[in-house]
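Prediction below, plus the sequence it came from.
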Amino acid sequence: MTLGEKKLFAGSIALIVLSSLFLLGTYAFIHRVEVPTTGGTYTEALIGSPRFINPLYAQTNDVDADLSSLLFSSLIKWQPGGGYVNDLADSMQISADQTQYTFHLRTNATFSDGEPVQASDVVFTYTAIQNPVYRSPLISYFRNIKVEQVDDQTVLFTLPTASATFPEHLTIGILPGNLWSDILAQNAPLASLNLQPIGSGPYVFQEFSKDKKGSIRSYTLKRNNHYYGTSPKIDQLIFKFYPDEESVSQALINKNVEGVGYVAFEHRTSTENNHNVRTVFASIPRGTSLFFNTQNPILKNPAVRLAISNAIDKESIVKTILGSHAIVLNGPLLNGSVGYDAAYHPNGFNPSAAMTALDAAGYLKPTGSSFRKIPVKSTPVPTKSSKNSKKQTETPTPVQEPSDLSFTLTTVSNDEFSHVAAEIKAELEKIGISITIKTVDADHLMTDVVDLQTYDLLLAADYAGTDLDPYAFWHSSQITAGGLNIGHYQSKDADKLLEKARTTATDTDRAVIYRQFQDLLVKDAPAAFLYQSTYSYALPKKIHFTAPDALRVPSDRFADMTNWYINTKKSLK
């Protein structure tokens, strides 16, 4: 080969190599994508402060519930869009009569101290809940239920009767029994493990800081590198605590935090206009209604109650006041519950029908009057007999002026309910009913208003939480002080249906029963059903996440936490 040929050959090889490198580079550039990777820190503002980061007590404090959901894992868990799925449980078997639940635990789950999660830990947790000395608010869910260890990885629950809602109560975090069994039950609220917990969740406790008064100001979690499930990608979570919604909003504006766990109604607009965050609105099982006090002689008449319901434009309230961040309710069943039907629409906005019904009930509106009048009946009374008269005569009492048809509307003193109450007042006054609005502090609503029935109309919300069974809100046994039947509704037929639903095995059969109950309740009209709320919170735009459509409880916003990420890296697809 001549020198010229050698040079030509070498040049050809070089060209081929360069062309190949160019093609490879072009392919890599075209097919390179960003994928999630670990790293980063997220700082969130919460209202309140931690007290008992312990599944036995966390239900009563939103801050405790938030932190517990990240630090502890449970037999089963709730996932947005997926419902209840296995968590610590590897499998679950239910007996044919629905009274026995057998759980086989996964073998690779450990607590943050390295100890394995075993059946004995599950048994300890649930027997502690059942022990009145622990004073857990969850005790009522597990009365008369037997919990026993079959072997190191198997737990058996035995119920006295079938309960369709029982699995919903198995999302309680599991405690390390070997650590808690050394602490006397009466001393459990005082244990340091309540603030420095050992759990088996996706995050572990790192540290907390206090101010000069001893109050916890921040609480830091770090990624659990030994978590048995999908490993979380965000390295560190820092929670800062504030006393109220206003201070939380200011902390976000001043960039002291990156996100907030709850956006109050009055701060929604400013948060939505904050370019650093994304505001999330998720449906939550909280139904707002206008309850009628049927002890009021006028409100005993169901026609009057239905007329008031027909006069309220729920669509307008949801659109103009709530910014369409709510669902119109036409009955007691909430979106997400068994039997709920979005097309159910028995009584719509119909002010003409409302006025006709009030006319028929005798509450007429005289010409020139702003309000309808309550009819006054004259009662004959005997006159005094004279000495010369053998017989008494009767004369009518002077005719009194009829009073206005009026009610007091009582509600909680917050911005959302104040705006809704004002709208209801305006709409009812259009059909001739005078309304006076009275607001009370939320802490006194049950004791001073509901229990004593010191209201005519009550604008309030029922919050179902994890249990969407309407029994707690409408069964007559729940009327007692502290019960959730705030409308004091009583119906033997409704009671029978609610009791039957609780022991019905399938959701299909329960749905039929609940719809029968709903038809009965709407006909009796103990309340005007208005809307189902959304829960709003804000996350920084640096976090990649999928916003849920619905939550059961506020802490469910972390249900998909292991899929959140901040950092990315380049990779070929």
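Great, that's in hand.

On the three-state scheme, Thr127 is what?
Following DSSP: H, G, I helix; E, B strand; the rest coil, the label given to Thr127 is helix.

So it sits against Val147, correct?
Yes - if you go by CB atoms under 8 Å, Thr127 and Val147 touch, sitting 6.0 Å apart. C-beta coordinates here come from the backbone N, C-alpha and C atoms, glycine included.

Helix or strand, whichever it is, which one in this structure has the lowest mean pLDDT?
Least confident helix or strand of the chain, by mean pLDDT, DSSP states H and E, is strand 380-382 with a mean of 55.

quick one on the thing from earlier: of Thr127 and Val147, who's got more company?
Ranked by neighbour count (other CB atoms under 10 Å), Thr127 and Val147 place Val147 first, with 19 against 15.

Pull up the gap between that one and Phe157, please.
Per CB to CB, to the nearest Å, Val147 is found 6 Å from Phe157.

tell me, what's touching those two both at once?
Tyr126 (CB atoms under 8 Å, 6 or more residues apart in numbering).

can you give me the helices for the stretch 401-550 of the chain?
415-430, 471-474, 492-502, 507-524 (DSSP state H, counting those that start in this stretch).

now, of the ones you listed, which is deepest in the fold?
Comparing these by mean neighbour count (mean count of other CB atoms under 10 Å), helix 471-474 ranks first with a mean of 21.

who does that helix touch, helix- and strand-wise?
Helix 471-474 sits against helix 492-502, with contacts defined as 3 or more CB pairs under 8 Å, 6 or more residues apart in numbering; DSSP states H and E.

Send me the helix it packs on as PDB with only the CA atoms.
The C-alpha trace of helix 492-502 is given here as PDB (Å, rounded to 0.1, in the frame of the first residue of the first chain):
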ATOM      1  CA  LYS A 492     -87.100   4.400  63.700                       C
ATOM      2  CA  ASP A 493     -87.000   3.500  60.000                       C
ATOM      3  CA  ALA A 494     -83.800   5.400  59.500                       C
ATOM      4  CA  ASP A 495     -82.200   3.700  62.500                       C
ATOM      5  CA  LYS A 496     -83.100   0.200  61.200                       C
ATOM      6  CA  LEU A 497     -81.600   1.000  57.800                       C
ATOM      7  CA  LEU A 498     -78.400   2.300  59.300                       C
ATOM      8  CA  GLU A 499     -78.000  -0.700  61.600                       C
ATOM      9  CA  LYS A 500     -78.700  -3.100  58.700                       C
ATOM     10  CA  ALA A 501     -76.000  -1.400  56.500                       C
ATOM     11  CA  ARG A 502     -73.400  -2.000  59.200                       C
END
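
Select, out of the helices of the stretch 401-550 of the chain, the one closest to Ser68.
Ranking these by their distance to Ser68 (criterion: CB to CB) puts helix 471-474 first, at 22.7 Å.

tell me the phi and psi of Thr562?
phi -70, psi -10 (degrees, to the nearest 10).

so it sits right up against Asn224, yeah?
No - if you go by CB under 8 Å, Thr562 and Asn224 don't touch, sitting 9.9 Å apart.

Show me which of these two is the more surrounded one.
Ranked by neighbour count (other CB under 10 Å), Thr562 and Asn224 place Asn224 first, with 23 against 20.

Ends of stretch 446-460, what's the gap?
End-to-end distance for stretch 446-460: 10 Å, by CA to CA, to the nearest Å.

Revised request: answer the last question for stretch 431-442.
30 Å.

Check stretch 165-174 too.
20 Å.

residues in contact with that stretch?
55, 58, 68-69, 71-78, 84, 88, 101, 117, 121-122, 125-126, 129, 138, 141-142, 157, 159, 199-201, 466-469, 502.

Any chance of a PyMOL selection covering the buried ones in those residues?
To isolate the buried members of those in PyMOL, using 16 or more other CB atoms under 10 Å:
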select buried, resi 55+58+68+69+71+72+73+74+75+76+77+78+88+101+117+121+122+125+126+129+138+141+142+157+159+199+200+201+466+468+469+502
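
Tell me which of the contacts of stretch 165-174 fall in strands.
The members of the contacts of stretch 165-174 that map onto strands under DSSP state E are Ile76, Lys77, Trp78, Tyr84, Tyr101, Phe157.
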